[in-house]
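[1] The following comprises the amino acid sequence and a computationally predicted model.
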Amino acid sequence: MQELKDMVKLNKQPQTHTIPHKTTGICRLQTSTQKIIERYDDGEKLVFNAIYRDDSIRQALMVQVQNNKCCYCEKMIYDDFEVDHYRPKEAVIHNGQLENPGYYWLSYDWDNLLYSCNKCNKKKGNDFPIEDEAVRARNHNMDINDESPQILNPCIQDPDDFLEFIGLEIVAKSGKNFDTATKTIETIELDRHELFQLRIEKYFELKIYVHDIYELAKEDDVLEKEARIICTNYLDSKIQSDQEFSMMVKCNYESLKPNLIAV
Ligand SMILES: [Zn+2]
């Protein structure tokens with residue numbers, strides 16, 4: 001089995017390599033960033049435009065980087081997607097209270113933009129827990145690098161170092177990342193029932209495919225050998241990073257395979 005990295009790790013290239021340099025691309029992101037910072041400095045009400053929803057950015061990020069999957073739960077997203085600001089743009093929740101402003105200066109920052117399903121986006125909302133509230137960046141003059149976020153960022157960190165599946169249950173890995181992993185699961189509700197249902201459907205889809213092929217081939221030595229190859233290739237294809245719920249499939253790889261395919 002190929003070793004792969006999952007929630008999955010996203011290979012997000014610098015924006016200059018990715019978004020076309022035209023009116024709907026980087027220039028507008030940069031201009032909008034300048035404008036929102038100017039409004040803050042002038043003490044004006046912060047008003048956000050939605051250019052991060054433009055097709056060129058969606059194509060560059062959701063399609064090319066994320067393979068049309070939610071960056072958090074790995075569900076395929078088609079129409080039900082949201083632009084997720086890793087650091088929330090409008091407000092931040094602190095001690096259960098909504099505090100303004102949020103990370104307004106990162107509203108159009110390529111590194112802060114992700115695509116998620118609408119449920120993950122809604123669950124995460126303005127929650128952005130960090131280890132030490134005292135160092136939270138409150139405006140564009142402060143440094144976000146002083147913060148230690150407790151939400152996993154799949155563009156920077158490798159989800160495989162944080163999360164795993166035991167059966168169909170997503171859990172935090174023990175070790176130094178345990179607290180951040182636990183907070184990520186809690187905040188986004190990666191263990192919510194809707195996802196459990198979808199994962200179990202995926203699990204059975206694969207299990208039945210392997211089972212049916214093996215059943216058809218088991219009386220014939222030659223066919224059985226071919227069936228092993230077909231099933232192994234099939235399962236290997238389902239743990240690729242562009243596949244829905246690839247982390248769950250990878251963690252369950254052996255349980256999908258060994259009872260049906262003698263090694
Ligand atoms: Zn999601």
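    On my side now, so go ahead. Here the structure is a predicted model, which means the values were calculated and not measured.
[2] what residues does the stretch 101-250 of the chain put near the ion?
    Cys117, Cys120 (Cβ under 5 Å from the ion). (C-beta placed from N, C-alpha, C; glycine too.)
[3] 6 Å instead?
    Ser116, Cys117, Lys119, Cys120 (Cβ under 6 Å from the ion).
[4] Which neighbouring elements make contact with the one helix or strand the last one maps to?
    When secondary structure is defined by DSSP states H and E, Cys120 falls within helix 118-124. Taking 3 or more Cβ pairs under 8 Å, 6 or more residues apart in numbering; DSSP states H and E as contact, the helices and strands that helix 118-124 lies on are strand 81-85, helix 178-188.
[5] how about the strands of the stretch 51-200 of the chain, start to end?
    Counting by DSSP state E, counting those that start in this stretch, the stretch 51-200 of the chain has strands at residues 81-85, 92-94, 97-99, 113-117, 163-166, 169-172.
[6] looking at those, which is buried most?
    Across these, averaging neighbours per residue (mean count of other Cβ atoms under 10 Å) puts strand 113-117 on top, at a mean of 25.
[7] so what does that one touch, helix or strand wise?
    strand 81-85.
[8] circling back: any chance of the helices and strands packed on helix 118-124 in TSV, with distance to Glu133 too?
    Rendered in TSV, the data for the helices and strands packed on helix 118-124 read as follows (distance: least, Cβ to Cβ, whole Å):
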stretch	distance to Glu133
strand 81-85	19
helix 178-188	14
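[9] how about those in CSV, adding mean pLDDT and distance to Ile166?
    Shown next, in CSV, are the helices and strands packed on helix 118-124 (pLDDT from 0 to 100; distance: least, Cβ to Cβ, whole Å):
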stretch, mean pLDDT, distance to Ile166
strand 81-85, 94, 27
helix 178-188, 97, 13
